[in-house]
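Novice: sequence and predicted structure, then a few things I'm wondering about:
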Amino acid sequence: MARPDHYTTLGVDKKASAEEIKKAYRKLARRYHPDRNPDDKAAEERFKEVQQAYDVLGDADRRKAYDRGGIFPGGFGGGGAGAPDMGGFGDILSDLFGTATGGGGGGPGTRFRSRTKPQAEKGRDLETEVSISFDQAIEGAQVPVAVATHSACPTCRGTGAEPGTEPIVCPVCQGRGVESQGQGLFSITRPCSRCNGSGTVIEKPCRTCKGAGRTRELKRYRVNIPAGVKDGSRIRLAGKGEAGLRGGPPGDLYVVTRVSESSVFRRKGDNLEVEVPITVVEALRGAEVEVPTLDATKRLRVKPGTASGTVQRLRGEGPERLDGGGRGDIHYRFVIDVPGELTKEQAEIVEDLGRVMNGNPRERILREAKAKAK
Ligand SMILES: [Zn+2]
Ligand SMILES: [Zn+2]
């Protein structure tokens, strides 16, 4: 028996990287897989060659030995070990077909263990959005949500079998959920074609759900939105998701809040921010101004000489914190309101003011810029 050229088999260069070899192998394994080429002896032979080539080239140590001229046809190197290591082989196939395979005869790693009872499965989680106003987000609200979901079929109680009958153990796989194809070394285990791996079949499907065990429906809930939610908050409703399969628990429903903006308050994390216009005179000589809070108004002191952008905060006047840690704050940002036009009288007074307030506030930046230029 001639020494096989594994590189030619996989169609890769002798200098190919491990990644390139893996890629080539996957492509060929898919193309020649017995499942895709039933009763095609030539494809089966090619498939075995590809497997053998990858068994050697896919392993760094074996590849080195092979490159040095070692490893004989059909041998697996490593001093004549009897059984081949099917680890890598099984892993790759599970990637290819989305199922674990037992390789040489169902070892402890086989996913489809012998079983007669179908396994329960938790239902999927669902997610839906609700739009609420800014006030609802602050105060909390009870809002209706409708979510499309699957529920356990009321006729068959989720079994999928016509009432009075029961699913039976699959006659093809005897409930194991898997079928084996081929012999010995290259025996391929795959999900049972009759029962799709569930291990049971329904002889008389339920008329309501046609054997699915679940029906599609629109569920309506009234959701309590807690006070203080933000745009994008997720509220979990335990057990309100999709029904479980074969008696499994239901999933959860997540309600995501979409909060419309307020024309006054802007949300900043746990706090709110409000822009408060003040007049030039209020900024200069100070004042006491009325500002809005969430439930009423409060008075705030503007200190004499307040710059535009100065922030004052009222602690504990903000929205409820979702973690139960009390309430956030409201930040008031003073912005000097500069009139676009002045009356004749105002213009005269501003002229007078200009004469007495005649310092140059740009002196420092000009001086420092000039010093740098030198
Ligand atoms: Zn049903
Ligand atoms: Zn079966």
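Specialist: That came through, no problem. Residues are numbered from 1 along each chain as shown. Ligands and ions are numbered 1, 2, ... in the order given.

Novice: which residue sits closest to the closest residue to ligand 1 within the stretch 1-150 of the chain, ignoring its sequence neighbours?
Specialist: Residue of the stretch 1-150 of the chain nearest ligand 1, by CB to the ion: His150 (11.5 Å). Any C-beta I mention is one placed from the backbone N, CA and C, and that applies to glycine too. Excluding the flanking residues, the one nearest His150 by CB to CB, 6 or more residues apart in numbering is Arg214, at 4.1 Å.

Novice: ok, that neighbour - contacts?
Specialist: By CB atoms under 8 Å, 6 or more residues apart in numbering, the contact set of Arg214 is 150-153, 158, 243, 245.

Novice: now with 6 Å, please.
Specialist: 150, 153, 243 (CB atoms under 6 Å, 6 or more residues apart in numbering).

Novice: what does Val229 give?
Specialist: 137, 257.

Novice: one more time with 8 Å, if that's ok
Specialist: Per CB under 8 Å, 6+ apart, neighbours of Val229: 132, 137, 140, 235, 257, 259, 322.

Novice: out of the residues you listed, flag the one nearest to Lys22.
Specialist: Ile235 (44.4 Å; CB to CB).

Novice: is it true that that closest one touches Asp252?
Specialist: No - with contact defined as CB atoms under 8 Å, Ile235 does not count as touching Asp252 (10.3 Å).

Novice: so who does the residue lying closest to Ser133 once chain neighbours are set aside touch?
Specialist: Excluding the flanking residues, the one nearest Ser133 by CB to CB, 6+ apart is Ser260, at 5.4 Å. Taking CB under 8 Å, 6+ apart, we find Ser260 in contact with 131-134.

Novice: before we move on, what about Thr297?
Specialist: Per CB under 8 Å, 6+ apart, neighbours of Thr297: 290-291.

Novice: look at it and report its pLDDT.
Specialist: We note a pLDDT of 96 for Thr297 in this prediction.

Novice: ok, what's across the strand from it?
Specialist: Pro292 (DSSP bridges).

Novice: ok, which stretches of the stretch 51-200 of the chain are helices?
Specialist: Along the stretch 51-200 of the chain, the stretches classed as helices by DSSP state H, counting those that start in this stretch are 60-67, 87-97, 134-139.

Novice: quick one, what contacts Ala18?
Specialist: By CB under 8 Å, 6+ apart, the neighbours of Ala18 are 58, 60.

Novice: start at 470, not 1
Specialist: Will do, 470 is the new start, and the previous item becomes Ala487.

Novice: how about the residues of the protein by ligand 1?
Specialist: 622, 624-625, 675, 677-678 (CB under 5 Å from the ion).

Novice: go again using 6 Å as the cut-off
Specialist: Taking CB under 6 Å from the ion, the part of the chain that reaches ligand 1 is made up of 622, 624-625, 629, 675, 677-678, 682.

Novice: can you lay out those as JSON lines showing neighbour count and distance to ligand 2?
Specialist: Shown next, in JSON lines, are the residues of the chain next to ligand 1 (neighbours: other CB atoms under 10 Å; distance: CB to the ion, whole Å):
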{"residue": "Cys622", "neighbour count": "21", "distance to ligand 2": "22"}
{"residue": "Thr624", "neighbour count": "17", "distance to ligand 2": "24"}
{"residue": "Cys625", "neighbour count": "27", "distance to ligand 2": "20"}
{"residue": "Gly629", "neighbour count": "26", "distance to ligand 2": "15"}
{"residue": "Cys675", "neighbour count": "22", "distance to ligand 2": "20"}
{"residue": "Thr677", "neighbour count": "16", "distance to ligand 2": "24"}
{"residue": "Cys678", "neighbour count": "21", "distance to ligand 2": "21"}
{"residue": "Gly682", "neighbour count": "25", "distance to ligand 2": "17"}
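
Novice: hmm, Gly785 is touching Lys767, no?
Specialist: No - contact between Gly785 and Lys767 fails when scored by CB under 8 Å: they sit 11.7 Å apart.

Novice: more neighbours: which of these two?
Specialist: Lys767 (13 against 10; other CB atoms under 10 Å).

Novice: ok, that one to ligand 2 distance?
Specialist: 72 Å (CB to the ion, to the nearest Å).

Novice: so which residue of the stretch 720-843 of the chain comes closest to ligand 2?
Specialist: Gly720 (26.6 Å).
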